[in-house]
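**Student:** The following comprises the amino acid sequence and a computationally predicted model.
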Amino acid sequence: MIALLIGIVSGLLSSAPMLGPVALLLLAAGASQQRREGRALALGAALSEGVHVALVVAGLAPLLLAEPAIATGLRVVSGVVLLALAVVAWRKRSLTLRPLAPSPRRAFGLGVLLVLPHPGFLVVWLALVTFLAEQGFAPTSPLFVVGAVIGIGLWFMLLLWGAGRVGPTLVARRGALLARVLAIALGAFGMWILVRAVI
């Protein structure tokens, strides 16, 4: 039970400071009142990040990160996906998740695609698990992984709920502008990841 609680707290703490592509898309989904698609996106992203956590807990993350070809390939895939999303977001005229994920199933797949191939999550969780081990808690239990997924999912649901509360007014007034901002942010993330892949 302690492993589960520590996992939940770790999931919340690892997700809260980061305003990455998943968070931006969840804000867009909440603001445009696309709750079903937003929940599916959050579920896909949280479960995929759970795969990263499981790899770290199992001790496999250092092996994957030590192979340059694997890390570079994963970064290239992530960067290309984000650039493609940026193009789609730029071409739409309102802040909505529908052109990117027109159904909950597609939204779930988008969440997986944004998180699963990104090696940055391995790096973050490797650092966090190492820190916990240094404090006397070695997270080796599957309950820690389950807790981490719950914590990540809770943070994503909070983002979705918050955007749904305050976002509709902004969308009504500045939807086109916000869509362009979303596109620029996604493109910037994609370019940053691609640059990291080749440097």
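**Tutor:** Thanks, I have the structure now.
**Student:** Helices along this protein, start to end?
**Tutor:** 2-15, 21-31, 35-57, 61-66, 68-91, 104-115, 120-134, 142-198 (DSSP state H).
**Student:** Which of these comes out lowest on mean pLDDT?
**Tutor:** Mean pLDDT across the helices of the chain is lowest at helix 61-66; the value there is a mean of 74.
**Student:** Can you lay out the helices of the chain as a markdown table showing mean neighbour count?
**Tutor:** The way it works is simple: take the backbone N, C-alpha and C, and place the C-beta from them, glycine included. Below are these laid out as a markdown table (neighbours: other CB atoms under 10 Å):
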| stretch | mean neighbour count |
| --- | --- |
| helix 2-15 | 19 |
| helix 21-31 | 25 |
| helix 35-57 | 23 |
| helix 61-66 | 14 |
| helix 68-91 | 17 |
| helix 104-115 | 20 |
| helix 120-134 | 17 |
| helix 142-198 | 18 |
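**Student:** Gly190: what's it in contact with?
**Tutor:** Ser78, Gly79, Val80, Val81, Leu82, Leu83, Leu85, Ala86 (CB atoms under 8 Å, 6 or more residues apart in numbering).
**Student:** again, only this time at 7 Å
**Tutor:** Gly79, Leu82, Leu83, Ala86 (CB atoms under 7 Å, 6 or more residues apart in numbering).
**Student:** Tell me the spacing between it and Arg75.
**Tutor:** As for Gly190, its distance to Arg75 is 10 Å (criterion: CB to CB, to the nearest Å).
**Student:** circling back: with distance to Ser15 added, can I get the contacts of Gly190 in CSV?
**Tutor:** Formatted as CSV, the contacts of Gly190 follow (distance: CB to CB, whole Å):
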residue, distance to Ser15
Gly79, 21
Leu82, 18
Leu83, 23
Ala86, 22
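**Student:** ok, now which ones touch the residue nearest the centre of the chain?
**Tutor:** Centrality entry for the chain: nearest residue to the mean C-alpha point is Val22, 4.1 Å, by CA atoms, centre = their mean. For Val22, the contacting residues are Ala45, Gly111, Leu114, Val115, by CB under 7 Å, 6+ apart.
**Student:** Which one of those residues is nearest to Arg36?
**Tutor:** Gly111 (13.1 Å; CB to CB).
**Student:** Apart from its chain neighbours, what residue comes closest to that closest one?
**Tutor:** Leaving aside its sequence neighbours, Gly111 sits nearest to Gly44 (CB to CB, 6 or more residues apart in numbering; 2.7 Å).
**Student:** Please look at that neighbour and Arg105 and confirm they touch.
**Tutor:** No - using CB atoms under 7 Å, Gly44 makes no contact with Arg105, being 9.6 Å away.
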